[in-house]
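[1] Sharing a model that was predicted from the sequence below.
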Amino acid sequence: MKIYFVRHGQTIWNRQGIFQGASLNPSLLEDGKEDIIALGQHLRTIDFDAIFSSDLTRALETAQLINQENHQPKSIEISPQLREWGLGNLEGKKISLMQAIYPRQIYAFTHNLSCFNNDIFDAESVYQVTQRIANFVTQLDPKKYDTVLIVGHGASLAAGIGHLLGYSTAQLRRHGRLDNASLTILESQDMVNFQLLSWNDTSHFQVKEELALTN
């Protein structure tokens, strides 16, 4: 099975540098929609057997826009298992402010999750997040699906994908972040062992820029 993971398009809070988490639910910006349409055009010839999305608005809008661009659109299956990391007291706070108050913890969250203390923020633990993302993926039936699209969120997907690849907690961030409207691809024959084919691919943005120059 080949699994295409997409992080949602940009929201106003992404632009303003605010932690969104799992309870806050902004919509996509117009620029964010344009980025996703460019990604949808990049993926338009891929016949997905299924499309799965987080139930949060920014992810569902992303899935819908990609689906609209596809030559063979599908019904979108929604799951709260694909939600963003529940960040507790961090949600709605400026990232820069939290970095100033909790420099070690915010660094740990973005670089070394083995040092992240979720209890400080009443947030989901690394274990809770990686398990719910990994469990969703590994329960997909390779006899039923050959190619699937999963639309979710930056922090939870990055950690969950790292877990699927067998990385230790300290190494879950080894490839860095997932940008808005980015594409990451895994492949597996048995849904136990996974191979990374692409990480945080944003090459479709170049196509968007080229189209803008011709219009």
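    Thanks, I have it.

[2] where do the helices sit along the chain?
    With helices called from DSSP state H, the chain shows them at 12-16, 30-42, 57-69, 95-101, 103-111, 126-138, 154-164, 204-214.

[3] Out of those helices, which one sits most buried?
    Looking across these with neighbours counted as mean count of other Cβ atoms under 10 Å, the highest average goes to helix 154-164: a mean of 24. Yep, even glycine has a C-beta here, placed from its N, CA and C like the rest.

[4] Not counting that helix itself, show me its contacts.
    Under the contact criterion Cβ atoms under 8 Å, 6 or more residues apart in numbering, helix 154-164 has outside partners 5, 7, 82-85, 87, 109, 113, 126, 129-134, 137-138, 150, 171-175, 177-180, 184, 186, 194, 196.

[5] same thing with stretch 12-32?
    8-11, 36, 56-58, 61-62, 83-88, 90-96, 98, 123-124, 153, 180-181.

[6] cutoff 7 Å now
    With contact meaning Cβ atoms under 7 Å, 6 or more residues apart in numbering, stretch 12-32 is reached by 9-11, 56-58, 61-62, 83-87, 90-96, 180.

[7] Filter those residues down to the buried ones.
    By neighbour count, with 16 or more other Cβ atoms under 10 Å, the contacts of stretch 12-32 hold 9-11, 56, 58, 61-62, 83-87, 90-91, 93, 95, 180 as buried.
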